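[1] The sequence isn't on hand, but the structure is:
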Ligand SMILES: Cc1cc2nc3c(=O)[nH]c(=O)nc-3n(C[C@H](O)[C@H](O)[C@H](O)COP(=O)(O)OP(=O)(O)OC[C@H]3O[C@@H](n4cnc5c(N)ncnc54)[C@H](O)[C@@H]3O)c2cc1C
């Protein structure tokens, strides 16, 4: 369930492991992946190797590298041919990749469907969707921030996923930026100095993004000005999403044949394939 970064990586990994997978996604407004900046820093994976969840090993970091390299070299290009993802930006600078994350749903081979409840029934899971029920031997809930709502509706233990809203503004670029443009700013009544960065983006665009604060209107104005300063022109597209925040990435069996995978917070793209690898291992035990 879910075709964000995590559900996509999980579906692909399970298929690769020879499983028959049905991936359902309801195109939930506020999903994180379509809004993500798409930056993958090597340091993220290195840090996880030291202080990540206890199950995170070199294998999980390696799975991330392989996935991203596959994604850059083949996957996204192939999808481009299929007119699903039209463009991508493979690399910004050494150690930092950038993927345009559009329409992951198709990459996961997902079908449209909203899951409303899960119920164990004599050796299988009864997956109730708005379109009707589906029976599954095993279920993976990878619905980002929205995972807890489904678990609660199914009377299953929840994870306590916190919402961390973020937003990105995109506009056509009048000229490419020679280097990222960073602005330090402070919102009225806030003691914290914040920074926002404008970067070149795919399709001759420029992008600015930040975590959204309650004073969103004022913040958007600051970001809009930075976007213009960075050469953004014409209509501005706003993408927003809720990052699923947990203290640590969670990929756990919460019931027999049921795995919940969420908590990517700010690094969900970077870590998706490592999480997928863990799912495959858990479902094989
Ligand atoms: C502005 C912004 C910038 C970011 N930048 C980066 C970055 O640079 N690098 C990085 O690594 N990460 C970044 N992130 C974080 C990253 O985007 C997230 O951690 C990641 O996308 C989470 O993926 P997910 O698949 O767990 O959740 P989501 O992307 O939220 O996917 C959940 C999916 O589940 C589906 N769903 C929900 N409920 C149901 C239901 N009941 N039935 C069926 N389907 C359902 C939704 O439609 C959705 O497609 C950023 C996030 C934001 C918002």
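    Alright, I've got the coordinates. Everything quoted here is computed from the prediction, not taken from an experiment.

[2] Quick check on residue 226: phi, psi?
    Main-chain dihedrals, residue 226, degrees, to the nearest 10: phi -60, psi -40.

[3] how about it, what does it touch?
    Neighbouring residues of residue 226 by Cβ atoms under 8 Å, 6 or more residues apart in numbering: 181, 183, 196, 198, 208. For the C-beta atoms, the positions are set from N, CA and C on the backbone; glycine is no exception.

[4] buried subset of those residues?
    Buried members of the contacts of residue 226, counted by 16 or more other Cβ atoms under 10 Å: 181, 183, 196, 198, 208.

[5] which of the residues in stretch 7-21 are buried?
    Across stretch 7-21, burial judged by 16+ other Cβ under 10 Å covers 7-14, 21.

[6] Repeat that for stretch 40-54.
    Those buried within stretch 40-54 under the rule 16+ other Cβ under 10 Å are 40, 44-45, 48, 52-53.

[7] now swap in stretch 278-285 and tell me
    For stretch 278-285, using 16+ other Cβ under 10 Å, the buried residues are 278-283.

[8] List phi and psi for the residue of the stretch 151-285 of the chain found nearest the ligand.
    Here the stretch 151-285 of the chain gets closest to the ligand at one residue, residue 268, 1.9 Å apart by Cβ to the nearest ligand atom. In terms of degrees, to the nearest 10, the main-chain angles of residue 268 are phi -70, psi -30.

[9] Please report the distance of it from residue 125.
    Separation of residue 268 from residue 125 (Cβ to Cβ, to the nearest Å) stands at 25 Å.

[10] Between these two, which has more neighbouring residues?
    Per other Cβ atoms under 10 Å, whichever of residue 268 and residue 125 has more neighbours is residue 268, with 24 against 20.

[11] That's all I had, so thanks and see you.
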